[in-house]
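Enquirer: return a 3D structure for these sequence lines:
(2 chains)
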There are 2 protein chains.
Amino acid sequence: MSRDDGGRLVIRGCDVLRIPAEGECDVLRAQDITVADGAIESIRPTREAETAGEVISGHGLLAVPGLVNAHTHSPMVMMRGAAEDVSVEEWFNERIWPMEVNLTPEDVRLGAELACAEMISSGVTAFADHYFFPEQIADAVTASGLRADIAPTYFSSQGEKALEATAEFAESWHGAAGGRVTVSMGPHAPYTVNDADLRTVSEHARRLGVRIHIHAAENVEQTQSSLERRGITPIRVLHDTGVLDAGALIAHGCGIVPQDLPLLAEHSGTVAVACSPKGYLKHALVPLTPVRALLDAGVTVAAATDGPASNNNLDVWESLRLIALTQKQAERDATWMTLSDTLRLATRGGAHALGLGDRIGCLEPGKRADIVLMDLSGVHCRPLHDARAALVYSARASDVRTVLVDGRILMRDGRLTTIDVPALLGEIDGRVARLLDISHGTAVQHYDP
Amino acid sequence: MSRDDGGRLVIRGCDVLRIPAEGECDVLRAQDITVADGAIESIRPTREAETAGEVISGHGLLAVPGLVNAHTHSPMVMMRGAAEDVSVEEWFNERIWPMEVNLTPEDVRLGAELACAEMISSGVTAFADHYFFPEQIADAVTASGLRADIAPTYFSSQGEKALEATAEFAESWHGAAGGRVTVSMGPHAPYTVNDADLRTVSEHARRLGVRIHIHAAENVEQTQSSLERRGITPIRVLHDTGVLDAGALIAHGCGIVPQDLPLLAEHSGTVAVACSPKGYLKHALVPLTPVRALLDAGVTVAAATDGPASNNNLDVWESLRLIALTQKQAERDATWMTLSDTLRLATRGGAHALGLGDRIGCLEPGKRADIVLMDLSGVHCRPLHDARAALVYSARASDVRTVLVDGRILMRDGRLTTIDVPALLGEIDGRVARLLDISHGTAVQHYDP
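Expert: Predicted structure coming up:
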């Protein structure tokens, strides 16, 4: 069924994970989810006799809201595993930014397509991307059937024309693909984009009705450096340049300090912080995103993978597990970041972070039909005392069986329906040697925050 | 092929991960691994024409040494996901130890069988177990074809007869199942087993030629408590009661302090520490196992899952990934705990921890044929720049295709050959309600270290 045919689809006899805005998640047993025009029409106790268009068997499966990956650089799958066991500085300056000089638009298109394949396979139905050649990503997303918010990466070193081009991209693509593609402005970070440009970006965002996706206070050293160089924190820079007011998805925020919290809380309706702990651990960061302080201040936190050149995959199940584990340890409190709160971050939290809280993030009538069917019958999940515990601590991305976005089936029983993976991998493998060659000695940018 | 038929088997055309005792791991391309009498006979560039008994196609697959799970309580799969978001004290005293009152020998047998199914499926070929009803576990291991070292759990509260019974178990079972089953003495911990019993255990171990598997210094609070109550650390207790001298596999050791290191180093040939970070994070422990200090002192560290009631699965891939991530962060050094060192912990480290360093832990002629074939062709591993990086940071347990122990195929192309999983799960599901019922108000022990 495509979302355009107005037809109906029913997922028959599945269990359904309910994720309320607050409080405990729970599981409704043996439901039928009816989908019409790409939205969830009803969720009701199953009635085998009813026929309503296409039927997907949900028996023995758990329907969960599609996961949201709230911050990534999807085409960086091309550099997966190519920069290991190095410091943040070496990762940027000696590996990744030199490799990115080599990227062509076609590399980005193929990388984004592979990333879409990986995300669909692992139950991610929406993602916030931040990268170069955004049209290529938008094309890949459109073809894949996924939902994405795409921010074209901008450094001040690229100049005014490049900044204008990102605004033009927003104008052309925001709301495209039947609403599946949205756009945010994508200034890279306060240490690579100057204040004048940040003000211009904020004006574009307000004018176009889009938000801003930006790295800020990625680690506490950046915050200290900003305080030393200019006397204010990176979050204060975002506040003073209008970025928070325009609405901001802030990546990482491990360096968010107490004086930043009121600034973020002031804009809690449109501001969110994306947390992707795997890369923080791998690059030996202390502290991590202050998730508890942010939530206590009323600021949304969402789960993310960051780019696969640091995270090595696009697995949001792994991210949400790592958030639960690392936050319990960071707060010295095993009773905090509960199963329900963790599941909420990766669904409702992500939806809000992408500005899509009214459309996705939970399975309720009226929401878009972004639905993932999980198979928790594997030996690694049994006996199944608590499906929520299985999702957070036992399950794997490989337990995802079927994935719908806007009611369209993007994977059915483990088979992708929109992407020809063998052909894609054939094209990609031929590009690897050129991509990794950094003998040119140049880089897209220098890391010195 | 069974290990008894003396027949030969060849894995044709696979890549082979070499894990040296020191230095970088690497990958040999397109090899044939020949197995005879349960051991690796040769690893040579592939020659398609050769025929030598049964052939397993290894094309497109990477052969790695079977992973070792150096500390678990395998039958606790029965309580997976039944004690979440609680402190260590509540986990022991209000959940797990009350539930363990309900366990029957048959529950343990079925739990161990399910655990074996999960471990085979995820590429674990040997494990160190520590639990009650050890005969049931030994039966399950024997039938499954896995390799295990089994320690019968003992508390001093059980009395002298129970201690003698554990020695009798060692006498009966050490070296059974063609050498696949070994036994260690299993005193629970220095805070549940008194010094007199630890001395008796050490004597039994020396007399029987077996080792001792024990929890010690699980967290730094235990070390502090031991120092306050009796003036010495838990590791010093093990030293003074002869446990280290007999040879000890120490679980966790997050509370190992600098003055313990010389005691452990003195016995580095027979002592090892098992590290299972998921549970430490989940229970908000700080600090973690001091892996760097231990390795620097020449003490073996191995990867482990602990029991699935805290770890929620038996996935050693997840454990080794978490060890790499958490150790980099704990040491504030992204360049430490490299890909090669991480892979070594879960293979050679585990082999040494189980006292099997001469038999397993790497793929070399003369070693037992405990071999796992991994499929790294999934979208989440591609492009594959570095197989070592894929194993540590991208791959999943579900990428395991084929598993051999002693040259016997326990899983082939994802199908288990020795365990009837549907029948097993049917039996287990009927036992769940009784197992989780703690209305009796008793417990096997009280946690107050």
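Enquirer: got the residues of the stretch 51-200 of chain A near chain B?
Expert: Listed as neighbours of chain B in the stretch 51-200 of chain A under the rule C-beta under 8 Å from any C-beta of the partner chain: A:77-82, A:84-88, A:91, A:114, A:117-118, A:121-122. Yep, even glycine has a C-beta here, placed from its N, CA and C like the rest.
Enquirer: buried among those residues? Make that a PyMOL selection.
Expert: Remark: buried members of those, expressed as a PyMOL selection using 16 or more other C-beta atoms under 10 Å in any protein chain shown:
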select buried, chain A and resi 77+78+79+80+81+82+84+85+86+88+91+114+117+118+121+122
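Enquirer: and the residues of the stretch 51-200 of chain A next to chain B, which of them are in helices?
Expert: Per DSSP state H, helices hold the following members of those: A:Val88, A:Leu114, A:Ala117, A:Glu118, A:Ser121.
Enquirer: quick check, central residue of chain A?
Expert: A:Asn69 (2.0 Å; C-alpha atoms, centre = their mean).
Enquirer: neighbouring strands - and their directions - for the helix or strand where that one lies?
Expert: Using DSSP states H and E, A:Asn69 sits within strand A:67-72. Take DSSP bridges as the rule and strand A:67-72 pairs in its sheet with strand A:124-131 (parallel).
Enquirer: got the angle for whichever helix or strand comes after the partner strand vs strand A:124-131?
Expert: Next helix or strand after strand A:124-131 toward the C-terminus (DSSP H and E): helix A:134-144. Computed by axes from the mean of the first three to the mean of the last three C-alpha atoms, to 10 degrees, the angle separating helix A:134-144 from strand A:124-131 equals 170 degrees.
Enquirer: from the contact counts, what lies against helix A:134-144?
Expert: Applying 3 or more C-beta pairs under 8 Å, 6 or more residues apart in numbering or on different chains; DSSP states H and E, one finds that helix A:134-144 contacts helix A:105-121, strand A:147-154, helix A:160-173, strand A:181-187.
Enquirer: wait, what's in contact with the residue of the stretch 151-300 of chain A found nearest chain B?
Expert: For the stretch 151-300 of chain A and chain B, the shortest gap (C-beta to the nearest C-beta) falls at A:Leu281, measuring 3.8 Å. For A:Leu281, the contact set (C-beta atoms under 8 Å, 6 or more residues apart in numbering or on different chains) comprises A:Leu322, A:Thr326, B:Leu325, B:Thr326, B:Lys328, B:Gln329.
Enquirer: tell me which element it is part of?
Expert: helix A:277-282.
Enquirer: C-terminal to that helix, what's the next element?
Expert: Once helix A:277-282 ends, the next helix or strand along the chain (criterion: DSSP H and E) is helix A:291-296.
Enquirer: partners of the helix or strand just after that next one in the sheet?
Expert: Where DSSP H and E defines the elements, the next helix or strand beyond helix A:291-296 is strand A:300-303. According to DSSP bridges, strand A:300-303 forms sheet pairs with strand A:272-275 (parallel).
Enquirer: now the strand it pairs with: average pLDDT?
Expert: Taken as a whole, strand A:272-275 has a mean pLDDT of 98.
Enquirer: next one: stretch A:331-344
Expert: The average pLDDT within stretch A:331-344 is 98.
Enquirer: name the residues that touch that stretch?
Expert: Here stretch A:331-344 makes contact (C-beta under 8 Å, 6+ apart) with A:17, A:19, A:23-25, A:291-292, A:320-321, A:323-324, A:327-328, A:386, A:388-389, A:391-392, B:84-88, B:91, B:282-284, B:286.
Enquirer: which of those residues are buried?
Expert: Listed as buried from the contacts of stretch A:331-344 are A:17, A:19, A:25, A:291, A:320-321, A:323-324, A:327-328, A:386, A:388-389, A:391-392, B:84-86, B:88, B:91, B:282-284; burial here means 16+ other C-beta under 10 Å.
Enquirer: which ones among those map onto strands?
Expert: Among the buried ones among the contacts of stretch A:331-344, DSSP state E puts A:Leu17 in strands.
Enquirer: tell me what the closest residue to the residue nearest to the centre of chain A other than its chain neighbours is bridged to.
Expert: In space, and not counting its chain neighbours, A:Asn69 is closest to A:Phe127: 3.9 Å by C-beta to C-beta, 6 or more residues apart in numbering or on different chains. With DSSP bridges as the criterion, A:Phe127 is bridged to A:Asn69, A:Ala148.
Enquirer: contacting residues for the residue of the stretch 1-150 of chain A found nearest chain B?
Expert: Using C-beta to the nearest C-beta, the closest approach of the stretch 1-150 of chain A to chain B is made by A:Gly81 at 3.4 Å. Neighbouring residues of A:Gly81 by C-beta under 8 Å, 6+ apart: A:Asn312, B:Leu384, B:His385, B:Asp386, B:Ala389, B:Ala390, B:Tyr393, B:Ser394.
Enquirer: adding pLDDT, write those residues out as CSV.
Expert: Putting the contacts of A:Gly81 into CSV (pLDDT from 0 to 100) gives the following:
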residue, pLDDT
A:Asn312, 98
B:Leu384, 97
B:His385, 94
B:Asp386, 97
B:Ala389, 98
B:Ala390, 98
B:Tyr393, 98
B:Ser394, 98
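Enquirer: let me know the closest of those to A:Gly441.
Expert: Closest to A:Gly441 out of the contacts of A:Gly81 is B:His385 (20.5 Å), distances taken as C-beta to C-beta.
Enquirer: now that closest one: how far from A:Met78?
Expert: 9 Å (C-beta to C-beta, to the nearest Å).
Enquirer: need the overlap of contacts for the two.
Expert: A:Val432.
Enquirer: what's the closest of the helices and strands packed on helix A:134-144 to A:Val405?
Expert: strand A:147-154 (5.6 Å).
Enquirer: so what secondary structure elements neighbour that closest one?
Expert: Contact analysis of strand A:147-154 by 3+ C-beta pairs under 8 Å, 6+ apart lists strand A:124-131, helix A:134-144, helix A:160-173, strand A:181-187, strand A:211-216 as its packing neighbours.
Enquirer: how far off centre is the first one?
Expert: Spelled out, it's strand A:124-131. On the basis of C-alpha atoms, centre = their mean, to the nearest Å, strand A:124-131 sits 4 Å off its chain's mean C-alpha point.
Enquirer: that one - what's its average pLDDT?
Expert: Mean predicted confidence for strand A:124-131 is 98.
Enquirer: quick one, that strand and helix A:105-121 angle?
Expert: Calculated by the same axes, to 10 degrees, strand A:124-131 forms an angle of 150 degrees with helix A:105-121.
Enquirer: what's the neighbour count on A:Arg230?
Expert: Residues near A:Arg230, counting by other C-beta atoms under 10 Å in any protein chain shown, number 13.
Enquirer: which residue packs closest to A:Gly355, ignoring adjacent ones?
Expert: A:Arg211 (5.5 Å).
Enquirer: return the set of residues that bridge with that neighbour.
Expert: Using DSSP bridges, the beta-bridge partners of A:Arg211 come out as A:Ser184.
Enquirer: my guess is it meets A:Met185, correct?
Expert: Yes. Between A:Arg211 and A:Met185 there is a contact at 7.4 Å, judged by C-beta atoms under 8 Å.
Enquirer: can you count the residues close to A:Leu363?
Expert: Per other C-beta under 10 Å, the neighbour tally for A:Leu363 reads 25.
Enquirer: over to A:Arg207?
Expert: Look at A:Arg207: counted by other C-beta under 10 Å, it has 12 neighbours.
Enquirer: helices or strands up against the helix or strand hosting it?
Expert: With secondary structure defined by DSSP H and E, A:Arg207 is part of helix A:195-208. Under the contact criterion of 3+ C-beta pairs under 8 Å, 6+ apart, helix A:195-208 touches helix A:160-173, strand A:181-187, strand A:211-216, helix A:234-240, helix A:243-246.
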